[in-house]
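# can you look at this prediction? I've put the sequence above it.
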Number of protein chains: 2
Amino acid sequence: MEQKMKIGVLGGGALGMLYGGAFSETYPTTIYTRTEEQARKITQNGLLLSIGTKRKKLFPAALVSGKLASSQSIDILFVALKSYQLPAVMPLLRQLPAHIVLCFLSNGIGHLAYLNDLPARTVIVATSEHGAVREHLNQLDWRGMGKTNYSYYRQIREDTVMLDAFFEAQTEFIFQKHADYLPMLFRKLIANSCINPLTAIWQVNNGQLIEVEGYRRILKVLVTEVEGVLGLTDQWEQVVAICRGTAENFSSMATDIANQRPTEADSILKPILEMATEKGIGTPLLELIYEKIIHLERKS
Amino acid sequence: MEQKMKIGVLGGGALGMLYGGAFSETYPTTIYTRTEEQARKITQNGLLLSIGTKRKKLFPAALVSGKLASSQSIDILFVALKSYQLPAVMPLLRQLPAHIVLCFLSNGIGHLAYLNDLPARTVIVATSEHGAVREHLNQLDWRGMGKTNYSYYRQIREDTVMLDAFFEAQTEFIFQKHADYLPMLFRKLIANSCINPLTAIWQVNNGQLIEVEGYRRILKVLVTEVEGVLGLTDQWEQVVAICRGTAENFSSMATDIANQRPTEADSILKPILEMATEKGIGTPLLELIYEKIIHLERKS
């Protein structure tokens, strides 16, 4: 790789700002936002990142996402959107030249359905273990440092050599390669499908889910159900470790419900329920919980 | 006791017909029904009781419940109504002379609130372990034979001597005396509050609740929650035994939901939730389940 990778990040939410900010320290980086206002704020005032008591000001470029179509110079575009936001940007992504690598950071597996329909010759799916909360249009609180898992959904050899070198070069903002994308997504899915809806229903942080005995008992039953559907075993310790590692954090779904926003229930929980139906596996608790989340969404 | 006890049974549902039918073999017994039609059917055609493949025709008297006020000759009135039906008959019960002993067969603890307001000098609360399904206005299927637990809510010594002798004389339709009514009601309550709503939500019989692993896991968490609130321990084996002993039965709540009737959720589940709030004990699963039942009731 002779030149520096030119990076685009689609999405000005917490994850988009985190990845855009982190890359902007080393690479020419542009964040593509939904609103003109946010792009202007980031351009004029920079991006303010807090990590514990530390604060950092970063200066990624920022443009409204409509300008993505004319940005031929990007090498890789990180799509940091929630699954339910993807349909709206699909026309944009379909216009991009095939040489731009797309890397999807969405939760769940709902976004997989869209990927075959894109011109990009190399498509990566990734799961982020970072915890971040957007506090203002240009302010971000990085609450939990994790790694980013990635795996190729489709690829050409030329790209993978270049990309693996790029990801390996990230020694602070770590990326870990996975051979198969489905087990990787499933491991994230089990955590998201169990931790997120329960914290959303009870409006508690991730830590309380394992600290309060009554919550912990229900979490355990839910993990067992979802394990059964995804064909995984022994995920309980992993889920507990995530709750412990992100004890102070409110999950995205808990935050969405608290802020009366739509949740990712349909991309995180629904695919599991559909898989369960196909496989003839009972998921009585997950059904109860999915219905409750939908009910809470409607109330808001 | 010189004379035979004269027995009244208020309620022409499954339990009312069972107790009325059983007593009518030995005692002068009158069943007081809500509708004229049912009283007429029982009077004209008798009461048809099936026990497995056996059938028995019994001839209790039957009158519409309005006629209870003029029935001075009853010694004991079994009130076989659901808690939510009690407010409607309270004016009737308040008119009864104080010497008529009242024995309440309602589920839950919701009915306790009404008992202080009655003239009856002796009031018994009882829990029935029998399983019965009303199949027609004068037909009953006795699916599970159990015992009746009873305890004095208030009493005078003269009555207790006579009543204990009466109950002890029942060697086929067994009654078992309990010193304290609250633990007795609580033991029934834990079964009702755990088995009934889950079978209602999933529309399964009691047996499936422990046979299907996914249901059993949730049942166990629910039992643990309710135990905590009621200050009981080690109820799991009892609940499993009840499910096993009544495996083929559909709980009253499951049947109520299936038939789009109101359920006893407010007298079975709500008092537990209120007790939990008072004691500061978390019952996240019971709350979820209560809301679901209320939701199912509203849909019907």
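Arrived safely, thanks for sending.
# make it CA atoms for all contacts and neighbour counts henceforth
Noted.
# buried sites along stretch A:230-248?
A:Leu230, A:Gln235, A:Trp236, A:Val239, A:Val240, A:Ile242, A:Cys243, A:Arg244, A:Thr246, A:Ala247 (16 or more other C-alpha atoms under 10 Å in any protein chain shown).
# quick one: residues contacting A:Thr148.
Going by C-alpha atoms under 8 Å, 6 or more residues apart in numbering or on different chains, A:Thr148 touches A:Ala126, A:Thr127, A:Ser128, A:Glu129, A:His130, A:Phe173, A:Ile174, A:Phe175, A:Gln176.
# hmm, try it at 6 Å
A:Thr148 makes contact with A:Thr127, A:Ser128, A:Glu129, A:Phe175 under the criterion C-alpha atoms under 6 Å, 6 or more residues apart in numbering or on different chains.
# restricted to strands, list those.
Assigned to strands by DSSP state E, the following of those qualify: A:Thr127, A:Ser128, A:Phe175.
# ok, the nearest residue to the first one once chain neighbours are set aside - contacts?
The spatially closest residue to A:Thr127, leaving aside those adjacent along the chain, is A:Asn149, at 5.2 Å (C-alpha to C-alpha, 6 or more residues apart in numbering or on different chains). With contact taken as C-alpha under 6 Å, 6+ apart, A:Asn149 is in contact with A:Ala126, A:Thr127, A:Phe175, A:Gln176, A:Lys177.
# for the ones in strands among the contacts of A:Thr148, which one is nearest A:Gln72?
The shortest approach to A:Gln72 among these belongs to A:Phe175, at 25.2 Å (C-alpha to C-alpha).
# picking up where we left off before, backbone dihedrals for the residue nearest to A:Thr127, both of them.
phi -90, psi 140 (degrees, to the nearest 10).
# who does it form a beta bridge with?
Note on A:Asn149: beta-bridge partners by DSSP bridges are A:Thr127, A:Gln176.
# so which of the contacts of A:Thr148 is surrounded by the most neighbours?
Greatest neighbour count in the contacts of A:Thr148, by other C-alpha atoms under 10 Å in any protein chain shown, goes to A:Thr127: 24 neighbours.
# do you know how far that one is from chain B?
Per C-alpha to the nearest C-alpha, to the nearest Å, A:Thr127 is found 29 Å from chain B.
# report pLDDT for that residue.
On the pLDDT scale, A:Thr127 is placed at 95.
# please apply the same query to A:Ser267.
The model reports A:Ser267 with a pLDDT of 85.
# once you drop chain neighbours, what's closest to it?
Spatial nearest neighbour of A:Ser267, chain neighbours left out: A:Gly110 (4.5 Å); criterion: C-alpha to C-alpha, 6+ apart.
# neighbours of that neighbour, how many?
By other C-alpha under 10 Å, the residues close to A:Gly110 number 20.
# which of the buried residues of stretch A:230-248 fall in helices?
Among those, DSSP state H puts A:Leu230, A:Trp236, A:Val239, A:Val240, A:Ile242, A:Cys243, A:Arg244 in helices.
# same for the longest helix seen in chain A, what does it pack against?
Counting residues, the longest helix in chain A under DSSP H turns out to be helix A:181-202. In this structure, helix A:181-202 packs against helix A:252-258, with contacts taken as 3 or more C-alpha pairs under 6 Å, 6 or more residues apart in numbering or on different chains; DSSP states H and E.
# so which other helices or strands are in contact with the helix it packs on?
In terms of contacts (3+ C-alpha pairs under 6 Å, 6+ apart), helix A:252-258 is packed against helix A:181-202.
# contacts for the helix or strand that the helix it packs on is followed by?
Going down the chain from helix A:181-202, the next helix or strand is helix A:208-211, by DSSP states H and E. With contacts defined as C-alpha under 6 Å, 6+ apart, helix A:208-211 is touched by A:Tyr215, A:Arg216.
# how distant is helix A:208-211 from the center of its chain?
In terms of C-alpha atoms, centre = their mean, to the nearest Å, the centre of helix A:208-211 is found 23 Å from the chain centre.
# taking the stretch 51-200 of chain A, what residue is nearest to chain B?
Scanning the stretch 51-200 of chain A for proximity to chain B using C-alpha to the nearest C-alpha identifies A:Leu198 as nearest, at 9.8 Å.
# quick one: contacts for that residue?
A:Leu198 sits next to no residue when contact means C-alpha under 6 Å, 6+ apart.
# got it, and the one 5 residues further on?
Neighbour list for A:Gln203: A:Ala254 [criterion: C-alpha under 6 Å, 6+ apart].
# for beta bridges, what are the partners of A:Thr33?
Assigned bridge partners for A:Thr33, using DSSP bridges, are A:Val64.
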